[in-house]
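Enquirer: Take this sequence and fold it.
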Amino acid sequence: MHLTLELFVQTPRTSIDFYQRVLGFEVEGSSTEYAMLRNGDAAIAINSRSVLSSDHPLRGEIGDRVGLGVEIVLKVADVEDAYRKADESGWPLSALAVQPWGLRDFRLIDPDGYYVRVTSTHTH
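Expert: Have a look, this model is predicted:
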C-alpha cells in the first residue's frame, strides 16, 4: 500500500513552490490547477480548492483552519540536511530538536496552514 495526500489549496502555484523549494519535492505532472509532487516514496497532490463543489465537505473558506487535526509527517534519512535546506529557503520553521521518543525533527506550516513535521528515521 502507498499513500498519496491530496491537499486542496487556495493558490496551487504558491503551494507547489513551497513543497519544491522548502521540502525538496519534484513535480511529476501538472496542469493549471493540479500537480503531483514526489520526494522519494512521499507523494503529495496539490489541487485548487476552486474545483470543489460549494457543498463538498472539504470546501473551506479563506481563513478557515485547513487540515485541522492532521499532521503531515515526512520521514527523512538525513534530517539535518533537510533542516539546512528548509532553513536556507527562509521559510519560518521550528528549531531542530530531539523529541522525548528519541527522534530529531522540525516543524513548519505550509502556505495554506497544513502542519508538517519532518523527522529522522532513527534515534540518535
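Enquirer: Helices of the protein, residue ranges please.
Expert: Secondary structure of the chain (DSSP state H): helices at 12-21, 79-88.
Enquirer: any chance of these in a markdown table, plus distance to residue 105 and mean neighbour count?
Expert: Using the backbone N, CA and C atoms, a C-beta is placed for each residue, glycine as well. Shown next, in a markdown table, are the helices of the chain (distance: least, CB to CB, whole Å; neighbours: other CB atoms under 10 Å):
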| stretch | distance to residue 105 | mean neighbour count |
| --- | --- | --- |
| helix 12-21 | 18 | 18 |
| helix 79-88 | 7 | 16 |
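Enquirer: Ok, which of those helices comes nearest residue 72?
Expert: helix 12-21 (10.3 Å; CB to CB).
Enquirer: what angle sits between that closest one and helix 79-88?
Expert: For helix 12-21 against helix 79-88, the angle by axes from the mean of the first three to the mean of the last three CA atoms, to 10 degrees is 140 degrees.
Enquirer: Helix 12-21 packs against which elements?
Expert: Counting contacts by 3 or more CB pairs under 8 Å, 6 or more residues apart in numbering; DSSP states H and E, helix 12-21 is packed against strand 26-30, strand 34-39, strand 42-48.
Enquirer: so where's the protein shaky on pLDDT?
Expert: 60-64, 124 (pLDDT under 70).
Enquirer: let's see 80
Expert: Applying pLDDT under 80 to the chain picks out residues 32, 56-68, 123-124.
Enquirer: contacting residues around the residue nearest to the spatial centre of the chain?
Expert: Most central in the chain under CA atoms, centre = their mean is residue 116, positioned 5.5 Å from the mean C-alpha point. Residues in contact with residue 116 (CB atoms under 8 Å, 6 or more residues apart in numbering) are 23, 71, 72, 73, 74, 107, 108, 109, 110.
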